[in-house]
Every structure is written in C-alpha cells, then in structure tokens.
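Novice: quick one, fold the following:
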Amino acid sequence: IDFTGAVSLYTEAKPCLSRTRAKPSLKRKLSPHAALGSCYRELVRYDEAEEELEFCLDKTMDIPEEERDLAFKDIEIDVITTLAKLKQAQSKYSEAMDLYERALPTARGTKELQSNNVW
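Specialist: Purely as a prediction, here's the structure:
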C-alpha cells in the first residue's frame, strides 16, 4: 500500500472540504483527517498521526450529547480506537487501554441500538 501517496491525496482533500459550498456531514469532514492519522501511524510518523486523530476527537466532542446519533457514535468509536492503536504502536499501553475502555460503553450501546432497530 502506498501510504506516502495516500498522505499526499488526503492532505489535498482537507482544504477542498472546507471550501465546498455544500455542508458536508461530520463523517465526510473528518474522513481525510482520520485517514491521514492512520497513514501517518503506518509510516511511523506518530506526532502527525496524533495531531490528526486528536483533531477528529476534539471535533466529535464538540457535538452536544443530545445530537449524537448512531452515525455519530460510529465515528466516535472509530476515532477513539484508531487513536488507541496509535498509542499501542507507541508502547503507551496504559493510554491505549484508557482509550479502548472509553470506547467500549459507546460500542456496546451502539450494538444494542442496532439490534433494536433490526426488529
């Protein structure tokens, strides 16, 4: 996989989303940042990965609790677990564990919501 090429593409995508006239969803706005974080992690560019992932986490936490729907919770879980994987790659195991534990209640709640929606 060409992570270096992907970093270049995602870096170009970030300003494009901020200039669009349409109002992109939170997931669309954060997707290049989250993808960059993952690519940087694979390239062992941990500081840059952390910056992108922390940006995503900050933006998700800006959303009031009452507006956090199922789609939002999926984004939140993805960002937190990706950041946890970064901490794990950095051998910061206690920080990784804290993040995984933070994501777990939301993941369980999301699974219950999905199960309830099936019926």
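Novice: does the residue most central in space within the chain count as helix, strand or coil?
Specialist: In the chain, the residue lying closest to the centroid (C-alpha atoms, centre = their mean) is residue 79, at 2.4 Å. Under DSSP: H, G, I helix; E, B strand; the rest coil, residue 79 falls in the helix class.
Novice: could you find the closest non-adjacent residue to it?
Specialist: Excluding the flanking residues, the one nearest residue 79 by C-beta to C-beta, 6 or more residues apart in numbering is residue 56, at 4.5 Å. Where you see a C-beta, it was placed from the backbone N, CA and C, and this is true even at glycine.
Novice: export the helix or strand encompassing the one you found to CSV, keeping only CA atoms.
Specialist: Here residue 56, judged by DSSP states H and E, is contained in helix 46-61. Extracted in CSV, the C-alpha atoms of helix 46-61 (Å, rounded to 0.1, in the frame of the first residue of the first chain):
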residue,chain,number,x,y,z
TYR,A,46,3.4,9.3,15.3
ASP,A,47,3.3,13.0,16.1
GLU,A,48,1.5,13.9,12.9
ALA,A,49,-0.8,10.9,13.4
GLU,A,50,-1.7,12.0,16.9
GLU,A,51,-2.3,15.6,15.7
GLU,A,52,-4.9,14.4,13.0
LEU,A,53,-6.6,12.0,15.3
GLU,A,54,-6.8,14.4,18.2
PHE,A,55,-8.3,16.9,15.8
CYS,A,56,-11.0,14.4,15.0
LEU,A,57,-11.6,13.6,18.6
ASP,A,58,-11.9,17.3,19.5
LYS,A,59,-14.5,17.8,16.7
THR,A,60,-16.6,14.8,17.8
MET,A,61,-16.6,16.1,21.4
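Novice: done for today, thanks.
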